[in-house]
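# what's the 3D shape of this:
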Amino acid sequence: MKLIDAIPDLTNFFILLDNGQLGSYTLKGEFVLHKESTAAFAEIIEQLLKQYKEDPDRPGYRVGIVYPTHEEQPWKSASFAVDQHILRKLYPSGGTQGAELTSFQKRNIEKSIYQGIELLLEHHDESLPGVQIYCPVLYFRKKSLADYLSVLSREEHPEDKTTPVMDVLNLLAPLPVSRRSNKEIVAVTRKIYEGVIHKDARKNAYGFLNQKGKAGVISQPVTDGMSAQVDRALADIFGDRSTQEFSSLMQTYCEPETYERVGKWLEDPYQYVKPEQLKMYRRFRGLSMDGLVILADQHPIFRAPITTQLLARGTKDNWNMYLLEGALELEAEDGEKIIVEAQTPQAAAPISSLKPRIFTVTAATPVRFLWMYDPFVETLIKIDKENRDEDELTVQSLREP
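Predicted coordinates for the structure are as follows:
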C-alpha cells in the first residue's frame with residue numbers, strides 16, 4: 001500500500017525517504033523525486049537523518065505528526081498534531097518551559113494538515129528578521145498513533161495502534177541560524193507553500209463546500225420562502241452588486257483603512273465554517289438551522305499571522321469580526337491591553353464592536369476569523385425570527401380544536 005492510500009491529502013507535501021531523497025505525490029497519486037532539492041540539501045539531510053535516528057526526541061527536529069482523521073473534527077483532511085516543545089513556541093504562555101500546557105495550548109495541538117504546515121511555514125522570530133525558522137518535510141518511521149500519545153496529550157484510543165503516522169521534521173534543524181536564509185532554502189519553502197497552501201489541489205476544510213465565489217454551497221436544504229427572502233434582502237442591501245463575490249462586496253462597503261488591514265487575509269480558495277459552529281456566538285444562538293446555514297454560506301474564513309494589526313481604534317465601519325481560532329490583543333487608548341482567546345465567553349461576542357472602535361486589535365497568535373457585514377446580519381436575524389414566529393403560529397393553530 002502506498003503512503004498516500006494510508007494517509008490521505010499528502011499531495012504536494014515534501015516527503016523525505018530513508019535513503020535521503022526528497023519527493024512528493026502528484027494529483028494522480030504518483031511519487032516523483034525532487035533531484036535538485038535533494039542535491040541542494042544532501043549534506044543537511046544526512047545530518048538530519050543521522051541525528052534524528054539517534055534521538056527521535058531531540059528538541060527541534062520533530063515539529064509534529066500527520067495521521068488520518070478518525071474522530072469528528074471541523075476539518076475533513078488528514079490531521080496534524082504539533083509537538084509540545086514547538087507548541088510552546090508557537091503559542092507562548094509566559095510560563096516556564098516545563099509547565100503544564102494551558103487550556104488554550106491544548107486546544108491548538110490538533111489542526112488540519114494544511115493549517116499545521118501553513119502555521120510552521122509562516123512562523124517567524126522577531127529577533128531573527130528574514131530567517132526561515134521551519135521547513136517541514138514528512139518522514140515515515142513505520143510507527144502508529146499509539147506511539148505518539150505524549151504529543152496528543154490524551155489517553156490511547158482503540159484505533160491508535162493501527163493508525164499510521166508520518167513525522168513532520170524540520171529540514172533546517174541541523175543548520176545554524178546564519179545559514180537559514182540562502183536561495184535554496186527560500187526556493188524549497190516557497191515550493192512547499194505554493195504547492196500545498198495556495199493550490200487548487202488543496203481540499204476545502206469542510207466537505208460540503210467546494211465552490212469559490214460570493215457564497216459557498218448550501219450544506220443542506222433551506223426552505224424556499226427563507227431563501228427567497230434572503231435573496232431579496234441581499235438585493236435591497238447591495239443593489240446590483242448583490243451578485244458579486246464576497247471580496248468585491250467587502251472592498252466596496254468597507255472603510256479603505258479597514259479593508260487594507262483585513263481584506264488581504266481572506267482565504268483563497270474560500271473556506272467556510274459548519275453552520276452549527278456559529279452557535280458559539282451569543283448573537284446567533286437563537287437562529288434556526290436555515291438561518292445558520294445561510295449565515296455560514298455567506299461568510300468565508302479569514303486567516304492572519306501573529307502580530308498582524310487587524311482593526312484600528314477610531315474606525316466606524318459596519319463590519320464585525322468573530323474570532324474562530326487563536327487569540328487577539330485589544331489595546332485601549334490608555335495602553336491597557338486585553339487578550340481575547342477563541343472559544344471563551346469573551347469571544348462569544350464580536351470583537352471591538354462598539355463604533356467608533358475603542359480598541360486597536362492585533363493578532364496575539366495566528367488567528368482565523370469571520371468578517372460579517374452587520375446590515376445583512378441584522379436583516380437575516382429579523383427574517384429568521386419572522387419565519388420562526390410564523391411556524392409557531394401555524395403549529396399552534398393546528399393544535400387548536
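# Give the closest residue to the most centrally placed residue in the chain in space, chain neighbours not counted.
By CA atoms, centre = their mean, the chain has its centre lying nearest to Gln115, at 4.8 Å. Distances taken as CB to CB, 6 or more residues apart in numbering place Phe80 nearest to Gln115, at 7.0 Å, with adjacent residues excluded. Any C-beta I mention is one placed from the backbone N, CA and C, and that applies to glycine too.
# Downstream of the helix or strand hosting the one you found, the next helix or strand is which one?
Element membership of Phe80, judged by DSSP states H and E, is strand 79-82. Of the helices and strands lying after strand 79-82 in sequence (DSSP H and E), the nearest is helix 84-90.
# got the domain boundaries for this structure?
The record assigns the chain these domain ranges, following automatic domain parsing: 3-196, 224-392.
# Same list (those) but as JSON lines, adding mean pLDDT.
Shown next, in JSON lines, are those (pLDDT from 0 to 100):
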{"stretch": "domain 3-196", "mean pLDDT": "87"}
{"stretch": "domain 224-392", "mean pLDDT": "88"}
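# Quick one: end-to-end distance for stretch 63-83.
By CA to CA, to the nearest Å, the extent of stretch 63-83 from end to end equals 5 Å.
# And for stretch 137-154?
25 Å.
# Return the set of buried residues in the helix or strand Ala187 falls within.
Assigned by DSSP H and E, Ala187 belongs to helix 183-196. For helix 183-196, the neighbour count (16 or more other CB atoms under 10 Å) marks 185, 188-189, 192, 195-196 as buried.
# Stretch 161-172 too?
So, applying 16+ other CB under 10 Å, buried residues of stretch 161-172: 163-172.
# Closest one of the residues you listed to Asp384?
Thr163 (41.2 Å; CB to CB).
# distance of that closest one from Thr379?
Distance of Thr163 to Thr379, given as CB to CB, to the nearest Å: 46 Å.
# what do you get for Ala39?
Distance from Ala39 to Thr379, by CB to CB: 60 Å.
# So those two - more neighbours on which side?
Taking other CB atoms under 10 Å, Ala39 and Thr379 do not tie; Thr379 has more neighbours (18 against 11).
# From the contact counts, what lies against the longest strand along the chain?
The longest strand of the chain (DSSP state E) is strand 136-144. Applying 3 or more CB pairs under 8 Å, 6 or more residues apart in numbering; DSSP states H and E, one finds that strand 136-144 contacts strand 15-16, strand 62-67, helix 113-122, strand 164-170.
# next helix or strand past it?
helix 149-152.
# Run through the neighbouring helices and strands of that following helix.
Using 3+ CB pairs under 8 Å, 6+ apart, helix 149-152 sits against strand 79-82.
# and the strand it packs on, what does it pack onto?
Partner elements for strand 79-82 (3+ CB pairs under 8 Å, 6+ apart): strand 62-67, strand 110-112, helix 113-122, helix 149-152.
# Now with 10 Å, please.
The helices and strands touching strand 79-82, judged by 3 or more CB pairs under 10 Å, 6 or more residues apart in numbering; DSSP states H and E, are strand 62-67, helix 84-90, strand 110-112, helix 113-122, helix 149-152, strand 164-170.
# Quick one: residues contacting Leu287.
Leu287 makes contact with 275, 278-279, 281, 293-295, 380-381, 384-385, 388 under the criterion CB atoms under 10 Å, 6 or more residues apart in numbering.
# Contacts only, for Thr189.
Applying CB under 10 Å, 6+ apart, the residues near Thr189 are 14, 120-121, 132, 134-136, 171-172, 180.
# again, but for Pro305
With CB under 10 Å, 6+ apart, Pro305 has these contacts: 118-119, 122-124, 265, 326, 363, 365-367.
# could you dump those residues to TSV with distance to Lys50 and neighbour count?
Formatted as TSV, the contacts of Pro305 follow (distance: CB to CB, whole Å; neighbours: other CB atoms under 10 Å):
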residue	distance to Lys50	neighbour count
Glu118	29	23
Leu119	27	26
Glu122	29	16
His123	26	17
His124	28	16
Trp265	40	18
Gly326	36	25
Ala363	38	21
Thr365	34	23
Pro366	32	22
Val367	38	25
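# from these, which is closest to Ala332?
Ala363 (17.3 Å).
# ok, that closest one touching Met321?
No: contact criterion CB atoms under 10 Å: Ala363 and Met321 do not qualify, at 11.0 Å.
# which residues do those two both contact?
Contacts common to Ala363 and Met321, judged by CB under 10 Å, 6+ apart, are 310, 328, 369.
# quick one, what contacts Ala81?
64-67, 87, 108-111, 116, 145, 148, 151-154, 165, 168.
# Just the buried ones from these?
If we count by 16+ other CB under 10 Å, the contacts of Ala81 have these buried: 64-67, 87, 108-111, 116, 145, 148, 151-152, 165, 168.
# backbone phi and psi for Gly23, please?
Torsion angles at Gly23 (phi, psi; degrees, to the nearest 10) stand at phi -160, psi -180.
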